[in-house]
Every structure is written in structure tokens, then in C-alpha cells.
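> My questions concern the predicted model and sequence given below.
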Amino acid sequence: MTTILSIKDLRKTYDDGFEALKGVSLDIRQGEILALLGPNGAGKTTLISTICGITTPTSGTVTVGGHDIQADFRAARRMIGLVPQEIALEPFEKVWNTVRFSRGLFGLGHDSARIEEILRKLSLWDKRKNAIKELSGGMKRRVLIAKALAHEPRVLFLDEPTAGVDVELRKDMWAIVDELKAAGVTIILTTHYIEEAEAIADRVGVIDKGELLLVQDKKTLMAQMGKKQIEVMLTCTIPSIPDSLAHHNLVLNGQGDALIYTYDTNAERTGITTLLNDVAEAGLILRDVQTRQSSLEEIFVTLVSGDAA
Ligand SMILES: Nc1ncnc2c1ncn2[C@@H]1O[C@H](COP(=O)(O)OP(=O)(O)OP(=O)(O)O)[C@@H](O)[C@H]1O
């Protein structure tokens with residue numbers, strides 16, 4: 001698989017001495033969607049700003065499509081589109097011009113067909129003659145994406161693309177991201193919404209206190225770190241777990257009518273068959289059995305709280 005973006009030992013210490021990036025290394029594959037998760041202040045925006053040339057790194061290197069972001073800034077930047085967190089648009093400018101100027105900034109000639117395509121894709125075509133100030137917050141976010149796409153970037157950064165947008169727009173954004181991926185664009189998004197990473201990312205990176213704690217295929221991450229629980233519901237209530245079941249490390253629920261058993265999805269033997277036999281031998285009758293898998297959210301909380309083994 002081709003690497004489109006390569007980050008090596010990237011460090012950023014701000015003027016006040018604060019170390020926002022502490023040696024981040026990461027290779028991003030062409031055409032993938034990578035979600036960067038991290039709590040407030042983890043360094044996500046600093047990382048993106050550094051790659052996009054808005055912030056100067058203290059040390060380390062970044063190449064985009066083989067172009068070094070410092071030595072070969074223009075070529076590297078030309079490949080990148082950035083959708084920033086903050087909405088910074090000229091309120092009196094028309095949508096069409098806003099997107100057109102953005103293309104011009106990268107030295108590209110005017111291409112009405114291309115701008116029309118982008119505006120249509122983002123459901124902005126009907127608003128093309130409107131001034132930015134006449135648009136809703138969600139529409140302004142779409143304009144930010146249109147602007148970032150105007151110069152046909154190969155790598156698109158979305159910094160908190162769905163912060164504060166409603167559920168419908170969030171789903172629309174996900175659909176847009178899917179379409180861009182299908183067109184071969186590599187997408188890196190930062191998010192607080194774990195469900196967002198769960199829904200659209202191919203890989204997930206977790207960043208905390210300026211360090212990349214892990215980067216992994218989403219499905220592998222969920223399978224590797226995921227614990228499963230089985231809840232054995234009983235026909236009667238019991239005051240405590242019978243001695244004959246003590247070795248299973250069960251938890252009795254608050255009502256005393258269900259036994260909760262946690263097991264590792266990767267273990268060779270889950271121990272479920274033995275457990276159910278032992279439950280029957282203890283004279284307990286099953287009413288129902290349910291399983292549940294830990295979510296990406298639980299995995300994330302475990303990681304950033306430093307509880308991961
Ligand atoms: N110009 C600056 N000078 C000093 N410290 C800064 C500067 N910009 C950011 N920081 C600090 O660097 C840390 C990382 O900030 P950054 O904005 O990269 O985090 P983030 O992960 O994007 O957070 P959020 O999710 O809140 O947007 C924070 O502690 C922040 O206060």
C-alpha cells in the first residue's frame with residue numbers, strides 16, 4: 001500500500017515552553033480514512049496545523065506525496081486541503097466566489113465546471129449566489145469543505161468536522177467523506193465523537209498529551225481490546241454467588257437475578273460452556289442469556305486514562 005503522508009518524530013514546543021507534540025511518527029496510506037481521537041488539548045490541532053504549514057515544527061519531518069513540508073512547502077501544501085475547526089469566512093462574499101478564490105490561491109486557473117461539481121456534491125449549488133452571512137451554520141461548514149476541495153487536494157484534513165452540527169448534517173458529512181474516499185482522497189479527521197470514528201474510519205489513532213498512543217485498524221482494535229460480557233439471567237433471585245461458582249469471577253447484578261461474566265474475545269477458551277454447566281449444577285435455572293461487546297468508547301477511555309495493560 002502506498003504511503004501518501006509520512007510523519008517522523010514530529011515535535012512542537014510552543015514559545016511558552018509547552019510541549020504539544022512529543023515525537024509523533026505516523027505513516028498514512030493513500031485512500032484511507034484515519035480518525036484521530038484525543039481529549040481536549042491532546043495536540044490534534046497542533047499536529048494538523050504543523051502538517052499544513054500553519055505552525056512550524058520544532059523538529060522532525062513531514063512529507064506529503066514525497067514533498068517535504070518545509071523544504072518543498074508549495075508542492076506539499078498543494079496536495080493538502082484543510083477544513084478548519086473555526087468558521088472563518090468573509091460574510092459578505094458570495095458562496096461561488098468564496099470557493100473560486102480558494103482555487104486561485106493555489107495558482108490554479110478558473111474552472112467553472114469543477115466548482116459547479118464541488119458545489120453540487122455539497123448541496124450548495126442552489127446557494128451559490130447567496131452571501132455567506134445568509135447561510136445557516138451547517139451550510140457554512142459545507143462551504144468550508146468546498147473551499148478545501150477547490151484545488152483538488154489528494155489529502156483532506158477535517159478538524160472536528162461535525163462539532164456542534166445536528167445529527168442529519170453529521171450523517172451528510174459522513175456520506176461526503178465516503179464519496180471523497182471513493183474518489184481516492186485520503187482523509188484525516190479529528191473528532192471527539194467516538195461514534196464518528198466507529199462509523200467511518202478505516203484506522204483509528206489515539207493521541208493524548210502530545211503522544212500518539214496507538215494507531216490501528218479499527219476492526220482489529222475493537223477485536224483486540226474488546227472484552228465481551230455475558231449476562232446469565234435467572235428465574236429466581238439469589239442473595240450471593242454460590243461457592244461452587246466462585247472460581248468463575250462472576251458479578252451478581254443489583255437485583256440478584258443475573259450473573260455477569262466477562263471474558264476475553266481472544267482467549268482460546270472463553271469458559272462459557274463450563275460456566276453454563278456449573279450454573280445448572282448449582283440448581284439455578286436460566287431465564288435468558290445476553291451478550292454485549294465493549295465499544296470503541298470504552299477502549300478509548302481505558303487508553304487515555306492509562307489503564308490499558
Ligand atoms: N500557540 C500556543 N501557545 C502555547 N500553547 C499552545 C498554543 N496552541 C496550543 N497550545 C497548547 O497545546 C496543547 C494542544 O493543543 P491543541 O489545540 O493541539 O489540542 P487539541 O487536541 O486540538 O484540542 P481540542 O480537542 O480542544 O481542539 C494545549 O494544551 C494547548 O493549550
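Looks like it arrived, so ask away. Residues are numbered from 1 along each chain as shown.

> quick one: which helix or strand includes the residue nearest the centre of the chain?
Centroid-nearest residue in the chain: Ala35, 2.7 Å away (criterion: CA atoms, centre = their mean). In the assignment (DSSP states H and E), Ala35 maps to strand 33-37.

> Give me the mean pLDDT for that strand.
Mean pLDDT, strand 33-37: 93.

> What lies in contact with that strand?
Applying CB atoms under 8 Å, 6 or more residues apart in numbering, the set of residues contacting strand 33-37 from outside is 28, 44, 47, 177, 181, 186-192, 194, 196-197, 200-207, 215, 218, 300. Using the backbone N, CA and C atoms, a C-beta is placed for each residue, glycine as well.

> if I look at Leu189, how far off is Gln85?
In this view, Leu189 and Gln85 are 11 Å apart by CB to CB, to the nearest Å.

> so what sits against both of these two?
Both Leu189 and Gln85 are contacted by Asp159, under the criterion CB under 8 Å, 6+ apart.

> Leu10 and Thr63 touch, don't they?
No. Between Leu10 and Thr63 there is no contact under CB atoms under 8 Å: 11.4 Å.

> So between these two, which is more surrounded?
Taking other CB atoms under 10 Å, Leu10 and Thr63 do not tie; Leu10 has more neighbours (24 against 19).

> Pull the contacting residues for the more buried one.
Listed by CB under 8 Å, 6+ apart, the contact set of Leu10 reads Leu21, Gly23, Val24, Ser25, Leu47, Thr50, Pro57, Ser59, Gly60, Thr61, Val62.

> how about 6 Å then?
Applying CB atoms under 6 Å, 6 or more residues apart in numbering to Leu10 gives the contacts Leu21, Val24, Pro57, Gly60.

> do Val177 as well
Contacts of Val177 by CB under 6 Å, 6+ apart are Ile187, Ile200.

> Double-check that it belongs to a helix.
Yes. According to DSSP: H, G, I helix; E, B strand; the rest coil, Val177 belongs to a helix.

> and Val301, what pLDDT?
70.

> I should have written Ile187 there, sorry.
On the pLDDT scale, Ile187 gets 96.

> go on, Leu108?
Confidence at Leu108, expressed as pLDDT, is 77.

> neighbours around the nearest residue to it once chain neighbours are set aside, how many?
In this structure, Leu108 finds its nearest non-sequential neighbour in His151, 5.5 Å apart by CB to CB, 6 or more residues apart in numbering. Neighbourhood size, His151 [other CB under 10 Å]: 19.

> what does the one 3 residues further on give?
Around Arg154 there are 17 other residues, counting by other CB under 10 Å.

> got it, and the one 4 residues further on?
Leu158 is surrounded by 27 other residues when neighbours are defined as other CB under 10 Å.

> any idea how far it lies from the ligand?
13 Å (CB to the nearest ligand atom, to the nearest Å).

> Partner strands of the helix or strand that residue falls within, with direction?
Taking DSSP H and E as the criterion, Leu158 maps to strand 155-159. Looking at strand 155-159 with DSSP bridges, its partner strands are strand 80-83 (parallel), strand 186-191 (parallel).

> Just name the most buried of those.
Of all these, strand 186-191 has the most neighbours on average by mean count of other CB atoms under 10 Å, namely a mean of 25.

> picking up where we left off before, in PyMOL, how would I select the buried members of the contacts of strand 33-37?
Buried residues within these, by 16 or more other CB atoms under 10 Å, are selected in PyMOL with:
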select buried, resi 28+44+47+177+181+186+187+188+189+190+191+194+196+197+200+201+203+204+205+206+207+215+218+300
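
> Now cross-check the contacts of strand 33-37 against the ligand and list the overlap.
Here is what survives when the contacts of strand 33-37 are matched to the ligand using CB under 6 Å from any ligand atom: Lys44.
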